[in-house]
Structures are given as C-alpha cells and as structure tokens.
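Chemist: Give me a 3D structure for the following:
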Amino acid sequence: MTRQEKRKGESVDSLLRKFKRKIKNEGTLKEFREREFFEKPSDVRKKRLKAAVKRTQTEQKLNELT
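Modeler: Numbers count the residues shown, from 1 in each chain. The predicted structure is shown next:
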C-alpha cells in the first residue's frame, strides 16, 4: 500500500500531488485498472498478439523510411 506522510507546514494540495506522482511511478493505478475486470486467458492472448502485430507493422514502416 502506498503511503505519503504529511510534513509540518505542508499543504494538502502538495501532499496530494506527491501521492498521485508516487502512485503513477509505482504503476499501482495501471495495475488496478488492468485487474478491474476479469479477462479470459484467451482474450489476453489475443490482445497481446494484436499488440505484437501492430508493433511489427510500425517497425517495418520505420525501416522502409530509412
């Protein structure tokens, strides 16, 4: 669990900004969003395959330009 302790004289706004930055850097929010809904293993494989195909196509286009 992520914690951010308040220092003496620190405003709530700056504390909240630090907390949000910490969560973003740790990847906690991203992981939560990924786990929010159950995905079947077959759907996960399809999504990964689709991303790999897109990545390969992008690399091929970049190689053609150079």
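Chemist: Beyond the lowest-mean-pLDDT helix or strand in the chain, next helix or strand please.
Modeler: When the helices and strands of the chain are scored by mean pLDDT, DSSP states H and E, helix 28-35 comes last with a mean of 88. Going down the chain from helix 28-35, the next helix or strand is helix 41-65, by DSSP states H and E.
Chemist: quick one: average confidence on that following helix?
Modeler: Averaged over helix 41-65, pLDDT sits at 95.
Chemist: CA-only coordinates of stretch 41-51 in CSV, if you can.
Modeler: Output of stretch 41-51 as CSV, limited to C-alpha atoms (Å, rounded to 0.1, in the frame of the first residue of the first chain):
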residue,chain,number,x,y,z
PRO,A,41,-6.8,-16.1,-20.8
SER,A,42,-7.8,-16.4,-24.5
ASP,A,43,-8.7,-12.7,-24.7
VAL,A,44,-5.4,-11.8,-23.0
ARG,A,45,-3.5,-13.8,-25.7
LYS,A,46,-5.5,-12.2,-28.5
LYS,A,47,-4.8,-8.7,-27.1
ARG,A,48,-1.0,-9.5,-26.8
LEU,A,49,-0.9,-10.9,-30.3
LYS,A,50,-2.7,-7.9,-31.7
ALA,A,51,-0.2,-5.5,-30.0
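Chemist: got a list of what the closest residue to Thr28 other than its chain neighbours touches?
Modeler: The shortest distance from Thr28 to any non-neighbouring residue, by CB to CB, 6 or more residues apart in numbering, is to Thr2 (5.9 Å). C-beta coordinates here come from the backbone N, C-alpha and C atoms, glycine included. Thr2 makes contact with 19, 22-23, 26, 28, according to CB atoms under 8 Å, 6 or more residues apart in numbering.
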